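Trainee: sequence and predicted structure are below.
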Amino acid sequence: MTDTSTSETMEPIDEAVQATPDVEGTAPEAAQKTFADFDVRPEIVAALADSGIIHPFPIQAMTLPVALDRHDIIGQAKTGTGKTLGFGVPILDHVDLDSDDIRPQALAVAPTRELAGQVAADLERAGKRLGIKVLTVYGGRAYEPQIEALKEGVHVVVGTPGRLIDLAQQKHLDLSATKTVVLDEADEMLDLGFLPDVEKIMAMTSPARHTMLFSATMPGAIVALARRYMTQPTHIRAMSEDGEADSQTVKATEQFVYRAHAMDKVEMIARILQARDRGLTIIFSRTKRTAAKVADELVDRGFAAASIHGDLGQGAREQALRAFRNGKVDVLVATDVAARGIDVDNVTHVINYQCPDDEKTYVHRIGRTGRAGNTGIAVTFVDWDDETKWSMINRQLDLGIPDAVETYSSSPHLLTDLNIPEGTKGRLPRSQRTREGLNAEEVEDIGETGKSGGRRQGGGHSGGPRSSGRDGGGRSGGRSSEAKGGGGTSEGRPRRRRNRRRTHGGQSQAAPRSEG
């Protein structure tokens, strides 16, 4: 396997996946190139220029020449490095616009609905001048529009594993003519339990396909996947100068760690949200209930906030994301699963309402800011019983912050650390309540599948129908909840009622599954 590194020093490749000699590439070389310098259709270059995209990021500049020559690729890069166009431009460049075959020519598989939507949007933007048809398929949305689009014919399908398999099993999606396959965020698909689904999808595609796999880390299962489905892949790494992918995200973000009292956290956040030069902000919580509660409390204090979590229907989730991207709300409270794949520009602050469970989750969370060369601020609240957990994160990432500083909303160092004006209180003054809020963003009628009666969010905004607890296409525990509309199964059989255990005399009962 060939290794092309974006750092100035070459990094060794895991022997388990190494196959061919190394080829060196450097970030300074990439920075001088434009998309027009590559052998790419001029319509794609022009479409990117229409959006102000002229120069490729390092991972893109390293990936394009290899992918355009249709060599299999393992791309190792963190979210936010710009890898989507690295595989997206070659996908579009190889679409045969003169073909009469209506079957998809390319497939991109993503672990979450939000990431699938983001990838599809980037492909649509880059392929606009060519008229390339891109279809996004994932759970929580009605089947009918997706089936109709497949019948009419599309060039590229972007989707989550669950819905892709459902459509294929129902004979609506035929992947036998797919000549390019991309697996994006492969390690996240592994974490979410989608590896068996990915293997099913790969088996449906042509053996002669061009395959590109992108992953932030290379656990054994991902290496095995690459061995099984790829032919002499080139390994491209987007690393920082010290060779650590994690440290690139960490170094781009100024970090503050406070030991906070549970009853004082929202008051602290309300003051942090009034810091000078604060832009969009994401607050992370462990549980769905906490995400909804924190968002409601912030709305009550005058902030334009919304939440995104697994108890919200897909329409409500997309409403919250659109409002956040459009600036109608500037505070998004999210659980880890729901936030996977969210890529929004101008996020200046990330707040960990609760300490992450491990260093990988920490890097994922704070990586929502400090993206694509920008800088950001991350604030982490550590409870007294989370000190051991934080100590482990600090040690693994070598952050140099072994102890959380005991901090209250009235602590002077909170104001000075985060550039909060003197005298700031825990409610946003009415004169500063200038954003339109979540209600200003319409809830799209997407013919949602799944359960009804989702949690309301954001000070009385309807949350819509609930979706499944699993985020990637509605599959949970190996079964698809997407095809259960009206309380039946995908075959139309009524679903058997579950016997629920009740609590008597303090005895435990089966708790609902939580995504956090």
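Mentor: Received the coordinates, thanks. Residues are numbered from 1 along each chain as shown.
Trainee: what's around the closest residue to D358 other than its chain neighbours, how many residues?
Mentor: Take D358 and drop its neighbours on the chain: the residue closest to it by Cβ to Cβ, 6 or more residues apart in numbering is I393, 6.8 Å away. For glycine as for every other residue, the C-beta is placed from the backbone atoms N, C-alpha and C. Using other Cβ atoms under 10 Å, I393 has 23 neighbouring residues.
Trainee: OK, contacts around I393?
Mentor: I393 makes contact with 355-356, 358-359, 362, 399, according to Cβ atoms under 8 Å, 6 or more residues apart in numbering.
Trainee: so which of these is the closest to L438?
Mentor: Nearest to L438 among the contacts of I393, counting by Cβ to Cβ, is P356 at 26.3 Å.
Trainee: give the contact list for that closest one.
Mentor: 284, 336, 362, 365, 380, 389, 393.
Trainee: hmm, 6 Å instead?
Mentor: By Cβ atoms under 6 Å, 6 or more residues apart in numbering, P356 lies in contact with Y362.
Trainee: which element is it on?
Mentor: Using DSSP states H and E, P356 maps to neither a helix nor a strand.
Trainee: report pLDDT for it.
Mentor: P356 is assigned a predicted lDDT (pLDDT) of 93.
Trainee: what is the neighbour count of K83?
Mentor: Count around K83 with other Cβ under 10 Å applied: 27.
Trainee: and what of I401?
Mentor: The burial count for I401: 17, using other Cβ under 10 Å.
Trainee: so it touches F256, yeah?
Mentor: No. Assessed by Cβ atoms under 6 Å, I401 is found out of contact with F256, at 8.5 Å.
Trainee: run the chain-centre distance for stretch 37-49.
Mentor: 26 Å (Cα atoms, centre = their mean, to the nearest Å).
Trainee: do the same with stretch 315-334
Mentor: Distance of stretch 315-334 from the chain centroid (Cα atoms, centre = their mean) equals 14 Å.
Trainee: can you give me the distance of Q319 to E406?
Mentor: 39 Å (Cβ to Cβ, to the nearest Å).
Trainee: more neighbours: which of these two?
Mentor: Neighbours were counted for Q319 and for E406 using other Cβ under 10 Å; Q319 has more, 28 against 12.
Trainee: gap between E442 and A316?
Mentor: E442 is 11 Å from A316, by Cβ to Cβ.
Trainee: neighbour-wise, which of those two wins?
Mentor: A316 (31 against 10).
Trainee: and the more buried one, that one's in a helix?
Mentor: Yes. Under DSSP: H, G, I helix; E, B strand; the rest coil, A316 falls within a helix.
Trainee: in this structure R103 contacts T178, no?
Mentor: No. Taking Cβ under 6 Å as the contact criterion, R103 and T178 are not neighbours in contact, 7.5 Å apart.
Trainee: mutual contacts of these two, please.
Mentor: By Cβ under 6 Å, 6+ apart, R103 and T178 have no common neighbours.
Trainee: ends of stretch 165-181, what's the gap?
Mentor: 15 Å (Cα to Cα, to the nearest Å).
Trainee: how far away is D197 from R365?
Mentor: Applying Cβ to Cβ to D197 and R365 gives a distance of 26 Å.
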